[in-house]
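1. fold the following, please.
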Amino acid sequence: MTEIQKRIMFLSLEGTGLGHLSRCSKVALALSKDHNCLIVTGLREAGWLLDQSLDFVKLPSLDWLVSHRAARLGCRPYFDRGDEHVAQFRGHIASTVASAFDPDILILDHTITGREGEFYQLIAHTRAKILLLLRPVLGNAASSVPALLSFGGTNLIGKIHSVLVTGDPRTSTIETELAGVFSRNKIFHIGYILDHPRLTHASIRSSKLRVICSAGSGLDSEDLYNAMSMAAASLSSEIEVEIVGGPHGQPPSAKSANISFTKEYHRLAARFMDSDLVVCHGGYNTLAEAMSARRPVIVYLESHADVTVSDERRIHCEKLASFYPITVVSNAAALELAIRTALKDATIGEFRSLLNVDGLLNIAEYFRNLEIHRPVNEERVGST
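-> A predicted model of the protein is given here:
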């Protein structure tokens, strides 16, 4: 008896950064060894972020459809029927893809009905088994849970087969945050989604401490990059800094001679391996990539316009710090002090996580054991 390959479709949330797409792409790559995976996203960065063995369908981007998102990037929306029709426009395209691909399993990333409720009809009528993929901390439960269930998501809770949490239960607040929404027997902590990077080429190294600073996609990164630039100037004889700006990041306004600026890397975890210390904004994926490279982390936790984002990063870092070398700071002076402390730390080097970091292996095993039911005119799992 041969198990047929499952058809898995990912609906990747179009956030302000690349975190959701990055996480989905890693999961899809792990599952694509045994199953047929397709990612649906509005992010154009999917063209370079996804491994060449994966394919995706590009939805019209919210950044060029919704007026307030377009204004943030200085763009003019091309969709002239108003924000209230954006969900219908994107939803129709996504539903058409789902009808043609006919997935056995649908993976929802972070929200049930999408950013603007565009996936409501697709979720309501699909035959697919539906899984919800979440980070280990949502943030401020008062705002994060309503966001997860927004645009009619509350009506579709019963359609969710299980919740897969990409973290360790010891650093997770999901069971508490979702109490009363999903029963505990539907929630599975699969472990952190980490790369297994290899250093493809090492830079010519000086005797200075090498620091890599990243704010993910680069949105809302100005404070971090300027604080890093100030610290680098004060420590110019002791450190060299590379700022990885991300697709939306810009170089700091003042840049000392020991700072270089790179727009982006397709495999940031591998780049982290060529560093001694990582400075970041505390986003899940950047932390996971630092843990993949086994490097200590300083998190510059600046205030964020979205309080849920600030709370998620703060709570997650506080919990992670019990198991991994993370220092949290909130201003330029504290960042410089933390780097000076790292310089004096004789143990700086590679750190092994004490947490469950086998998320990709565990999710592959979960899917191997997940039963599907296809229409009678198609092969079933276990058919010869």
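2. any idea of the mean pLDDT in the longest helix anywhere in the chain?
-> Identified as the longest helix of the chain according to DSSP state H is helix 86-101. In this model, helix 86-101 carries a mean pLDDT of 95.
3. and for stretch 246-254?
-> 80.
4. gap between the two ends of that stretch?
-> End-to-end distance for stretch 246-254: 18 Å, by Cα to Cα, to the nearest Å.
5. residues in contact with that stretch?
-> 17-18, 45, 73, 214-219, 221-222, 225-226, 228-230, 233, 243, 245, 259, 261, 263-264 (Cβ atoms under 8 Å, 6 or more residues apart in numbering). Quick note: C-beta positions are derived from backbone N, CA and C, even for glycine.
6. picking that back up, which of the residues in the longest helix of the chain are buried?
-> For helix 86-101, a neighbour-count test (16 or more other Cβ atoms under 10 Å) marks 86-87, 90-91, 93-95, 97-98, 101 as buried.
7. before we move on, what about stretch 160-173?
-> Here stretch 160-173 shows 160, 163-169, 171-173 as buried, counting by 16+ other Cβ under 10 Å.
8. swap in stretch 143-158?
-> Buried residues in stretch 143-158 (16+ other Cβ under 10 Å): 144-145, 147-151, 153, 156.
9. figure out how far that stretch is from the centre of its chain.
-> Stretch 143-158 has its C-alpha centroid displaced from the chain centroid by 20 Å (Cα atoms, centre = their mean, to the nearest Å).
10. export it as CSV, just CAs?
-> Taking Å, rounded to 0.1, in the frame of the first residue of the first chain, the C-alpha atoms of stretch 143-158 are listed here in CSV:
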residue,chain,number,x,y,z
SER,A,143,-6.5,42.8,20.7
SER,A,144,-4.7,39.8,19.2
VAL,A,145,-7.5,37.3,19.6
PRO,A,146,-10.2,39.5,18.2
ALA,A,147,-7.8,40.2,15.2
LEU,A,148,-7.4,36.4,14.7
LEU,A,149,-11.2,36.0,14.7
SER,A,150,-12.0,39.2,12.8
PHE,A,151,-14.1,39.4,9.6
GLY,A,152,-16.4,36.5,10.5
GLY,A,153,-13.6,34.2,11.8
THR,A,154,-15.7,33.5,14.9
ASN,A,155,-18.3,31.8,12.7
LEU,A,156,-15.6,29.4,11.3
ILE,A,157,-13.9,28.2,14.5
GLY,A,158,-15.6,24.8,14.1
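11. and stretch 285-305, how far out from the chain's middle?
-> Counting by Cα atoms, centre = their mean, stretch 285-305 comes out at 12 Å from the chain centroid.
12. whoops, stretch 178-191 was the one
-> 20 Å.
13. low-confidence ranges, the protein, go.
-> In the predicted model of the chain, residues 1-3, 141, 197-206, 303-306, 346-352, 378-384 satisfy pLDDT under 70.
14. which residues of it fall in helices?
-> Under DSSP H, the chain gives helices at 19-31, 46-49, 67-72, 86-101, 120-125, 141-148, 174-177, 222-234, 268-272, 284-293, 307-320, 332-344, 359-368.
15. which of those is buried the deepest?
-> Mean neighbour counts were taken over these using mean count of other Cβ atoms under 10 Å, and the top value, a mean of 25, falls to helix 284-293.
16. what's next to it, contact-wise?
-> Against helix 284-293 from outside (Cβ under 8 Å, 6+ apart): 18-19, 22-23, 135-136, 166, 192-197, 214-216, 268-270, 272-273, 275, 278, 280, 296-297, 299, 316-317, 320, 324, 326, 353, 357.
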